[in-house]
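K.L.:
heads up, no residue letters with this:
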């Protein structure tokens with residue numbers, strides 16, 4: 001039972017359950033894509049939706065780890081929005097084999113690609129590359145969203161990078177299978193054809209560099225899309241596609257058959273034993289975790305809702321106490337946990353240290369622990385609830401920058417898989433040191449309670465207000481106290497929106513927003529996926545050697 005008092009336990013639980021109801025409602029809203037009418041039109045053409053296709057492809061009852069559900073949330077409103085960026089993707093099991101699956105959602109702007117859609121597809125390829133997973137593309141897209149073509153087409157991380165990755169993955173032996181189940185136009189035609197095998201659905205699938213209208217405008221030839229690049233033409237005449245399928249269901253069954261015949265590959269060999277239930281029921285985590293992000297709590301207690309009861313060995317428990325480092329097991333998987341301690345603690349000198357802040361001793365400890373996990377081939381799990389590094393003369397004179405650099409260096413050079421969960425605050429350089437998105441976690445998820453920003457809302461809002469008042473003063477303008485309050489509120493509202501986990505998920509700063517009660521399952525699934533890649537380079541600690 002948690003040490004949280006019963007009244008506070010109930011308050012926490014009520015607050016978090018309400019937040020999760022909002023999360024569930026938003027998930028359902030996103031999952032209907034372009035809406036009921038668009039789905040009805042899609043079905044009338046004899047086509048399954050993107051989610052129906054994925055459901056038919058994966059093993060029945062198996063877990064599908066969706067990535068980027070909230071991609072584009074609140075974005076592109078001037079164009080009517082783009083739920084989930086018009087693409088559904090994640091990792092599912094096909095005949096027991098973990099496989100990345102990417103499906104265009106043609107109910108959203110005919111599956112057109114927005115700038116964030118490109119980023120999402122690159123993330124899918126990144127996951128396939130990092131974890132040595134087969135990848136399946138279910139293609140049904142009208143191509144680039146032309147009003148935003150300048151943000152999609154020419155740069156390094158734009159549309160062309162996807163085809164470059166197709167070539168790289170094939171060279172590395174990563175299996176790519178594509179199914180053309182709708183339109184596949186212009187540059188997008190290269191994606192399925194640069195895959196190792198491509199199939200096309202008769203009557204609905206078509207692939208060409210230029211559609212009938214553009215062909216007529218460019219060279220004056222009159223032809224319809226089916227005769228130009230339909231299934232029969234591309235399978236029997238051009239030989240562009242490898243298989244012609246009568247319908248979606250047959251196509252998906254054929255993909256499953258191909259995947260079932262892929263030979264077994266070596267794995268990384270991360271240690272796993274039979275799982276043991278946590279000491280505390282994960283269902284009770286909502287009552288334990290404070291609804292007030294400023295309220296301290298003992299991170300050791302939080303871990304007891306997540307890790308297996310059989311093993312929990314803390315590294316340097318009396319030193320660097322604002323970070324908890326521990327060897328543990330999660331669902332049987334051995335892992336090294338690096339978690340911010342949110343309670344106020346005393347250091348070895350008896351001095352009080354603020355919870356959630358990284359001090360020099362904590363950074364030094366964490367860096368050494370990360371090195372140890374790399375040496376032992378133990379995956380790392382980061383639980384972020386960090387307000388940043390300690391500041392002030394005492395911290396500066398004690399070498400906080402030097403010790404912080406050691407920790408950041410260890411995280412950057414770590415070669416074992418890193419799984420990051422943002423539970424609460426994620427501010428400034430603390431986000432970096434605790435393996436934020438810039439430090440290549442294999443997977444990164446956030447709780448609905450997460451906030452991601454360069455600094456806390458109160459500090460940032462007052463700083464921005466001071467800057468704005470200074471500008472107004474420079475312009476010779478004076479504003480009343482009420483106007484200052486209104487200005488501060490507008491700044492706070494904007495900053496609150498930008499620190500929301502939904503804002504982060506929309507831009508793929510995190511892979512998704514999860515129910516805290518699912519944390520254990522998500523970490524286990526992530527380590528299992530990471531275990532598919534045996535190619536882990538030797539750890540080089542860099543400047544930590546000096």
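P.N.:
Structure's in. What do you need? Just so we're clear, the structure is a prediction, and the values are computed from it rather than from any experiment. Numbering: from 1, shown residues only.

K.L.:
For the rest of this, base every contact and every neighbour count on C-alpha atoms.
P.N.:
Noted.

K.L.:
which residues touch residue 121?
P.N.:
Contacts for residue 121 (Cα atoms under 8 Å, 6 or more residues apart in numbering) come out as 102, 162.

K.L.:
does it count as helix, strand or coil?
P.N.:
helix (DSSP: H, G, I helix; E, B strand; the rest coil).

K.L.:
likewise residue 93?
P.N.:
With three-state DSSP as the basis, residue 93 sits in strand.

K.L.:
correct me, but it touches residue 58?
P.N.:
Yes: the pair residue 93 / residue 58 is scored as a contact, 5.4 Å apart, by Cα atoms under 8 Å.

K.L.:
Could I get the full set of strands for the stretch 201-350 of the chain?
P.N.:
Ranges of strands in the stretch 201-350 of the chain, per DSSP state E, counting those that start in this stretch, are 206-208, 243-245, 312-315, 323-330, 333-340, 345-346.

K.L.:
what's the answer for the stretch 51-200 of the chain, then?
P.N.:
Applying DSSP E, counting those that start in this stretch to the stretch 51-200 of the chain gives strands spanning 65-67, 87-94, 97-104, 135-141, 176-185, 197-201.

K.L.:
possible to save these as JSON lines with mean neighbour count and distance to residue 286?
P.N.:
JSON lines is the format used below for the strands of the stretch 51-200 of the chain (neighbours: other Cα atoms under 10 Å; distance: least, Cα to Cα, whole Å):
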{"stretch": "strand 65-67", "mean neighbour count": "19", "distance to residue 286": "22"}
{"stretch": "strand 87-94", "mean neighbour count": "24", "distance to residue 286": "27"}
{"stretch": "strand 97-104", "mean neighbour count": "25", "distance to residue 286": "31"}
{"stretch": "strand 135-141", "mean neighbour count": "26", "distance to residue 286": "36"}
{"stretch": "strand 176-185", "mean neighbour count": "25", "distance to residue 286": "41"}
{"stretch": "strand 197-201", "mean neighbour count": "25", "distance to residue 286": "46"}
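
K.L.:
Dump the ones you listed to CSV, plus distance to residue 379 and mean pLDDT.
P.N.:
Converted to CSV, those look like this (distance: least, Cα to Cα, whole Å; pLDDT from 0 to 100):
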stretch, distance to residue 379, mean pLDDT
strand 65-67, 19, 98
strand 87-94, 19, 98
strand 97-104, 18, 98
strand 135-141, 23, 97
strand 176-185, 27, 95
strand 197-201, 34, 97
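
K.L.:
Residue 498 is nearest to which of the ones you listed?
P.N.:
With Cα to Cα, the closest approach to residue 498 among those belongs to strand 65-67: 20.4 Å.

K.L.:
Tell me the pLDDT of residue 217.
P.N.:
Here, the pLDDT recorded for residue 217 equals 89.

K.L.:
just the one 3 residues further on next, same as before
P.N.:
Taken from the predicted model, the pLDDT recorded for residue 220 is 92.

K.L.:
That one: neighbour count?
P.N.:
11 (other Cα atoms under 10 Å).

K.L.:
With residue 407 instead?
P.N.:
When neighbours are defined as other Cα under 10 Å, residue 407 has 27 of them.

K.L.:
After the least confident helix or strand in the chain by mean pLDDT, which helix or strand is next?
P.N.:
Lowest mean confidence among the helices and strands of the chain (mean pLDDT, DSSP states H and E): helix 457-474, at a mean of 76. Using DSSP states H and E, the helix or strand that follows helix 457-474 towards the C-terminus is helix 481-499.

K.L.:
now the angle between helix 457-474 and that next one, please.
P.N.:
Going by axes from the mean of the first three to the mean of the last three Cα atoms, to 10 degrees, helix 481-499 is angled at 130 degrees with respect to helix 457-474.

K.L.:
other SSEs contacting helix 481-499?
P.N.:
Packing partners of helix 481-499 (3 or more Cα pairs under 8 Å, 6 or more residues apart in numbering; DSSP states H and E): strand 451-453, helix 457-474.

K.L.:
what's the model's confidence in it, averaged?
P.N.:
For helix 481-499, the mean pLDDT works out to 81.

K.L.:
buried sites along that helix?
P.N.:
484, 487-488, 491-492, 495-496, 498-499 (16 or more other Cα atoms under 10 Å).

K.L.:
do the same with stretch 260-278
P.N.:
Result for stretch 260-278 [16+ other Cα under 10 Å]: buried residues 267-268, 270, 277-278.

K.L.:
try stretch 24-42
P.N.:
So stretch 24-42, judged by 16+ other Cα under 10 Å, has buried residues 30-34, 38-39, 42.

K.L.:
Could you do stretch 433-449 as well?
P.N.:
In terms of neighbour count (16+ other Cα under 10 Å), stretch 433-449 has its buried residues at 433-437, 439-449.

K.L.:
hmm, back to that, highest mean neighbour count across the helices and strands packed on helix 481-499, which stretch is it?
P.N.:
Relative to the other members of the helices and strands packed on helix 481-499, strand 451-453 carries the highest mean neighbour count by mean count of other Cα atoms under 10 Å, namely a mean of 25.

K.L.:
hmm, back to that, point out the ones among the buried residues of stretch 433-449 that are inside strands.
P.N.:
Counting by DSSP state E, the part of the buried residues of stretch 433-449 found in strands is 443-446.

K.L.:
can you pull the contacts of residue 195?
P.N.:
Counting by Cα under 8 Å, 6+ apart, residue 195 has contacts 166-167, 170, 175-178.

K.L.:
again, only using 7 Å
P.N.:
By Cα atoms under 7 Å, 6 or more residues apart in numbering, the contact list for residue 195 reads 166, 176-178.

K.L.:
from the residues you listed, which is closest to residue 479?
P.N.:
Nearest to residue 479 among the contacts of residue 195 is residue 166, at 57.4 Å by Cα to Cα.

K.L.:
How much space separates the closest one from residue 117?
P.N.:
17 Å (Cα to Cα, to the nearest Å).

K.L.:
picking up where we left off before, the contacts of residue 195 into a markdown table, with extra columns for distance to residue 361?
P.N.:
Output for the contacts of residue 195, formatted as a markdown table (distance: Cα to Cα, whole Å):
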| residue | distance to residue 361 |
| --- | --- |
| 166 | 45 |
| 176 | 47 |
| 177 | 50 |
| 178 | 51 |
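
K.L.:
Which of the residues you listed sits closest to residue 79?
P.N.:
Checking the contacts of residue 195 against residue 79 by Cα to Cα gives residue 178 as the nearest, at 29.0 Å.
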